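J.: I would like the atomic coordinates for the input below:
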Amino acid sequence: MNKTEQYESLLPQVKAVMDSSVDVIANMANMAAMLHETFGFWWTGFYRVIGNELVLGPFQGPLACTRIAYGRGVCGTAWKERRTVVVPDVEEFPGHIACSSASRSEIVVPVFQNGEITAVLDIDSDKTGTFDATDATHLEQLVRMLYDF
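T.: Numbers count the residues shown, from 1 in each chain. Below is the predicted model:
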């Protein structure tokens, strides 16, 4: 199964488990687990906007940074620029925050609720060049499910 087929198979599964009657953190946890299980990424998780920083939320994978400032690193940049950021090689991203030296590529997708960013989905791979427009498109669809039931 290619990447597009994997996402197309995953989308209805995630939709089926999203539950508007539970806290969004529970939905984030399930989404992170399903993405991590499906693709075997190095690290898959959410950072929540709390005040003027991103604070670690539900995730799958090794130890992570707990706080990221607005505009710092890939996550802070995606938050500041209000757009998905794809980084083929983290060594070439100015200001990359190395929570793990095993991380080689990264994608960060902002999560919007009523026009405001409430979190970012951060996914790291231990290989360069893992993420592309296919990932961006499908991950943007997935994070919309956190608030759109």
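
J.: what pairs with residue 120 across the strands?
T.: Note on residue 120: beta-bridge partners by DSSP bridges are residue 47, residue 110.

J.: my read: it touches residue 46, true?
T.: Yes. Contact status for residue 120 versus residue 46: in contact at 6.9 Å, counting by C-beta atoms under 8 Å. (Glycine included, C-beta is placed from N, CA and C.)

J.: which neighbours do the two share?
T.: Here residue 120 and residue 46 have residue 111 as joint contacts, going by C-beta atoms under 8 Å, 6 or more residues apart in numbering.

J.: so which residues of this protein form helices?
T.: Applying DSSP state H to the chain gives helices spanning 3-17, 24-39, 73-81, 133-144.

J.: which positions within the third one qualify as buried?
T.: For helix 73-81, a neighbour-count test (16 or more other C-beta atoms under 10 Å) marks 73, 74, 75, 76, 77, 78, 79 as buried.

J.: out of those residues, which is nearest to residue 110?
T.: Closest to residue 110 out of those is residue 78 (5.5 Å), distances taken as C-beta to C-beta.

J.: who's in contact with that closest one?
T.: Shown in contact with residue 78 (C-beta under 8 Å, 6+ apart): 84, 85, 108, 109, 110, 120.

J.: what's the closest of the buried residues of helix 73-81 to residue 30?
T.: Nearest to residue 30 among these: residue 75, at 20.7 Å, using C-beta to C-beta.

J.: re earlier: just give me the closest of the contacts of residue 78 to residue 51.
T.: Using C-beta to C-beta, the contacts of residue 78 come closest to residue 51 at residue 120, 14.8 Å.

J.: dig out what residue 69 forms beta bridges with.
T.: residue 53.

J.: and it, how far from residue 53?
T.: Look at residue 69 and residue 53: by C-beta to C-beta, to the nearest Å, they are 5 Å apart.
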